[in-house]
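Participant: okay, sequence plus prediction incoming.
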Amino acid sequence: MIYTKGDAIQSLKPNAQWVLNDGVLTWLDRVQQPTEAEIDAEVKRLQDQYTANEYSRNRANEYPSVVDQLDLIYHSGIDAWKAKIKETKDKYPK
């Protein structure tokens, strides 16, 4: 995911009224407008946060369903389940 200037403004001032047209920000609110530096820093923070949690999203998408995990435990035991989960954890390390 790529975060934009609009995403950053929304994150910094969630209830503020503003318009962003072709990169030009028009501030329509009494709340103090963030500076360009604050907006740029927020874009970077949002992107860094997204990247830092990417392994977690990848793991969640690849783990077997809870039903399948329970079935594996029932038929093959905890060690087989641990091995199956470890495959995903190894594929997407922290």
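Facilitator: Good, I have the coordinates. Predicted model only: the values in this text are computed from it and were never measured. Numbers count the residues shown, from 1 in each chain.
Participant: ok, and what's touching stretch 26-37?
Facilitator: Applying CB atoms under 8 Å, 6 or more residues apart in numbering, the set of residues contacting stretch 26-37 from outside is Ala8, Ile9, Leu12, Lys13, Asn15, Ala16, Gln17, Trp18, Val19, Leu20, Leu25, Glu42. Where C-beta positions appear, they are placed from N, C-alpha and C, glycine not excepted.
Participant: whichever of those residues end up buried, select them in PyMOL.
Facilitator: Those of the contacts of stretch 26-37 that meet the burial criterion (16 or more other CB atoms under 10 Å) are gathered into one PyMOL selection, given here:
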select buried, resi 8+9+12+13+16+18+42
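Participant: what number of residues lie near Asn53?
Facilitator: In terms of burial, Asn53 registers 10 neighbours under the definition other CB atoms under 10 Å.
Participant: give me the pLDDT for it.
Facilitator: At Asn53 the predicted local distance difference test score is 90.
Participant: so how far is Tyr92 from it?
Facilitator: With the distance defined as CB to CB, to the nearest Å, Asn53 ends up 11 Å from Tyr92.
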